Structures are given as C-alpha cells and as structure tokens.
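Chemist: output the structure for:
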Amino acid sequence: PGSALASPALAATDWSVEVVKSTMARFTPANLGGWDYTRGLYLHGQFLVYKRTGNRAYLDFVRSWVDRFVDGNGNINNSFNSLDSMRSGTLLLLLHAETGQQRYRTAADKIRNRFTNYPRTSDGGMIHNTGLTGQLWADGVYMAQPYIASYAKQYNQTYGFDESTSNMVTYFDHLKATNGLIYHAYDSTGRSSWATPPANHSSFHWGRAIGWFGMAAVDILEVLPANHVRRQALVDIVKHLAGGFQRFQDAATGRWFQVVDRGTTSGNWTETSASSMYTYMLSRAVERGYVDSSYKAVATHGYQGVLGKISLGGDGRTNLTDICDATSPGDLNYYLKRPRLTNDFHGLGAFLIMNEQLVRMS
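Modeler: Next up, the predicted model:
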C-alpha cells in the first residue's frame, strides 16, 4: 500500500546522476579497470545518462576509457575469444554514432568479423568462450547478441539480425523451464559436473543469468525489423520470462532472489543486479506492448525494491548493496554463498539502465 505514496519522494533524487557522479569521483578512466564486460555495462548506463542530461563530462569519461584500448587507427588489441569480451563493443557503436570518428567503426568491425568464425555448438549457438567446448551460458547472449543486432541496424547489415535472433532461440530451446524461467547454462557434451542428463542443462535458476537473457531479448527487439521472421519468437521469450518474474517476485520487497524460485530456502537473499534487470525488461515490455499493462505494477514494485538498496553515504556518494559477484554455473549452495558486494559494476550498470528506463516512463 505504501509504494504508490512513496514514489514521488523517491523520484526527488536523480539516482542515475548520483551514481555517475559517485563513480566518477571514485575512479578515473585510467584506473576504472580493463576491457571487461562489467565496465562496458556500467559505461553503457553512463552513456544513457549523458544522452538524457546532456552533461558532456559523462561522455568524455566514457570516451577516455574506450580510447585506452582503441588507437587512432581503430586498432584494438583483443582476440575476442569469449562472448564476455564483446560486450564493451557496444560503446564503439555508440561513440561512432556520437562522434563520427572512423576509428570506432574500425574497431567495431573487428568484433563483427570475429562472429564469422566464432566457435559454436552443432545447432549454431555461440559457445561461452573458446575454452568451454559446447557450453552455452544464459549470461553470454547479452554480451554478444545485442551488439551484432545493433551493428546490423547501424550499418544496414541484415546478417546481424539473423545471427542474434538465431542464437536467442537456440539458447532458449536448451535453457527454458516450464515455470517461466530459464536455467543458467547448457553443455552439449554433457561433461560438465552441473550438466543434468538427458537435457544437459544446469539445475538452478540463478537470478542474474536470467536477467541478462531478458535484457538481451528486449534490446534486440528495439532494433529488429518489424517483419523479421523470428521477431515473434523473441516476443514469446519476453512473455515467458515476464510470467516467471511475476510468479517469483518477492511480495515483501518487490525484488527477486539470488536463486529465483527458492525464496523460502534458508540462506537465499534478494539480489540487486537481477532485480534491476527484471524491472527494466518488464517496463520496456509493457511500453512496447509485448506484455499486457498488468505487468506495469510488477515493474513498479521491482523499482521500489531496488531503490531500497541504494543510499547516500556520509561522504555524499552512493552505495548500492547486495550485488552478486561474478558467477559460473554451480550447485545450490554455491549460488547462495556467492559474495554480496557493494557498488560492484554488475549492479551499477544494471541500475543505470533500469533507472533511465523508469525515469523516462515516469
């Protein structure tokens, strides 16, 4: 009952601006960290805040970080042997559109060209990294597929639409569960300790892996042509996940649990990055009409829940709590015992992307 009354007060703080100011106070582009998907996620969020506010300092920070890795001729020293290594490529597309500088396109082309010979399962799914034969992880789709779809839209190359949607459908076919969620990972070889025969997927519904997948689906739909042959398949994935998110949302907090369907399991906890991702997907899905308007209440409850995890410290900087550390497929105890971090970039990036969507919708 209190959430509707609370929302105007909560909206009085521009949390996106506070997160960006705090992160820029804590880091310089030089010491923010390497070419890593979590930095790419965060800086994508910061770029969205720049586009809304027009604050040039936010863009300059993003560009200075990218320019550590891309030289004046567009050379980028990376072999792109994992899907994770591709996520920050989204910044190259954004910067090329924003600045017109050819070097960002040249660097973006290197990632685009890597797709041609990137290793796959027999049914065409891009494996998580070249050292993991036959493994598809739900997190991996967000690292690569929105990139190739966005590249297709920006440079009029239909290949990327076909590639991204094919991967989404292939992954979903292996990972989907009847409860409206998906499993974390699949191993076509069946050799991983976590692969359960005969389907050879993992056994648990880890929050953030599902969040990555949901964000990937709505982000690809943003750029996918209206008449694309697999468009409805992606909408159906969003509907599937929306049903699961509604089913397993914690009624008390509005957030979602680290192991999503085990809210009553001792030691389980509500996790901030996944909750941000689910809220974002649901809000965008309602906005675009992929799901009916009843899901707006689920997104609003999720948003209030995530806002309950952010605060200003005595130093005037933001603290965002209960963010799961980087996580591989594992057993139930492994997921429950993962470190719960504050101001980790998985959470900060997901928060900004969610908050920019919800601010716009309000």
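Chemist: point out where the chain drops to low pLDDT.
Modeler: 1-11 (pLDDT under 70).
Chemist: and the strands in it?
Modeler: Per DSSP state E, the chain carries strands over the ranges 135-137, 185-187, 310-312, 318-320, 323-324, 340-341.
Chemist: ok, and what's touching the last one?
Modeler: Residues from elsewhere that reach strand 340-341, judged by C-beta atoms under 8 Å, 6 or more residues apart in numbering: W269, E271, T321, D322, I323, C324, D325, G347. No exception for glycine: its C-beta is placed from N, CA and C like everyone else's.
Chemist: direction included, what does that strand pair against?
Modeler: strand 323-324 (antiparallel) (DSSP bridges).
Chemist: spit out the contact partners of the nearest residue to P225 once chain neighbours are set aside.
Modeler: Counting by C-beta to C-beta, 6 or more residues apart in numbering, P225 lies nearest to F161, which is 6.5 Å off, once chain neighbours are set aside. Listed by C-beta under 8 Å, 6+ apart, the contact partners of F161 are A149, A152, K153, V223, L224, P225, H228.
Chemist: what's the farthest-apart pair in those?
Modeler: K153 and H228 (11.3 Å; C-beta to C-beta).
Chemist: need the contact list for T90.
Modeler: So T90 contacts G40, H44, P146, Y147, S150 (C-beta under 8 Å, 6+ apart).
Chemist: what sits against the first one?
Modeler: This points to G40. Contacts for G40 (C-beta under 8 Å, 6+ apart) come out as R87, S88, G89, T90, L91.
Chemist: could you measure from it over to Y142?
Modeler: According to C-beta to C-beta, to the nearest Å, G40 and Y142 sit 10 Å apart.
Chemist: then the last one?
Modeler: For S150, the distance to Y142 under the criterion C-beta to C-beta works out to 12 Å.
Chemist: quick one: the helices in this protein?
Modeler: Secondary structure of the chain by DSSP state H: the helices cover 2-11, 15-26, 37-53, 56-66, 89-99, 102-114, 138-155, 159-175, 207-223, 231-248, 272-288, 295-307, 332-336, 345-361.
Chemist: so which of these is nearest T130?
Modeler: helix 102-114 (10.6 Å).
Chemist: what packs against the closest one?
Modeler: Helices and strands touching helix 102-114, by 3 or more C-beta pairs under 8 Å, 6 or more residues apart in numbering; DSSP states H and E, are helix 89-99, helix 138-155.
Chemist: tell me how far it lies from the chain's centre.
Modeler: 22 Å (C-alpha atoms, centre = their mean, to the nearest Å).
Chemist: now it - C-alpha only, CSV.
Modeler: C-alpha atoms of helix 102-114 as CSV (Å, rounded to 0.1, in the frame of the first residue of the first chain):
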residue,chain,number,x,y,z
GLN,A,102,36.0,6.3,-38.1
ARG,A,103,38.4,4.6,-35.6
TYR,A,104,35.4,3.5,-33.6
ARG,A,105,33.8,1.9,-36.6
THR,A,106,37.1,0.2,-37.5
ALA,A,107,37.4,-1.3,-34.0
ALA,A,108,33.7,-2.3,-34.1
ASP,A,109,34.3,-4.1,-37.4
LYS,A,110,36.9,-6.3,-35.7
ILE,A,111,34.3,-7.7,-33.3
ARG,A,112,31.8,-8.0,-36.2
ASN,A,113,34.3,-10.0,-38.2
ARG,A,114,35.0,-12.3,-35.2
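Chemist: buried residues, it. List them.
Modeler: Of the residues in helix 102-114, R103, Y104, R105, T106, A107, A108, K110, I111, R112, R114 count as buried by neighbour count, 16 or more other C-beta atoms under 10 Å.
Chemist: can you give me the angle that helix makes with helix 89-99?
Modeler: Inter-element angle recorded for helix 102-114 and helix 89-99: 150 degrees (by axes from the mean of the first three to the mean of the last three C-alpha atoms, to 10 degrees).
Chemist: what lies in contact with helix 102-114?
Modeler: Helix 102-114 has contacts (C-beta under 8 Å, 6+ apart) with 66, 69-76, 78, 80, 86, 89, 92-93, 95-96, 147-148, 151, 155, 157, 160.
Chemist: try stretch 253-262
Modeler: The contact list for stretch 253-262, computed with C-beta under 8 Å, 6+ apart, reads 3, 179, 181, 204-207, 210, 244-245, 248-250, 263, 265, 268-272, 274-275, 278, 301-306, 308-309, 324, 332, 335-336, 338.
Chemist: tell me the contacts of the closest residue to I353 other than its chain neighbours?
Modeler: Nearest in space to I353, with sequence neighbours left out and distances taken as C-beta to C-beta, 6+ apart, is G45 at 5.0 Å. Under the criterion of C-beta under 8 Å, 6+ apart, the neighbours of G45 are S16, L348, G349, A350, F351, L352, I353, E356.
Chemist: was I right about the second one contacting Y42?
Modeler: Yes: using C-beta atoms under 8 Å, L348 is in contact with Y42, at 5.1 Å.
Chemist: so which of those two has more stuff around it?
Modeler: It is Y42, of L348 and Y42, that has more neighbours when counted by other C-beta atoms under 10 Å, with 30 against 26.
Chemist: of the contacts of T90, closest to H174?
Modeler: Of all the contacts of T90, H174 sits closest to P146, with 19.4 Å by C-beta to C-beta.
Chemist: how much space between the residue lying closest to the closest one once chain neighbours are set aside and V169?
Modeler: Distances taken as C-beta to C-beta, 6+ apart place D219 nearest to P146, at 4.2 Å, with adjacent residues excluded. D219 is 16 Å from V169, where distance means C-beta to C-beta.
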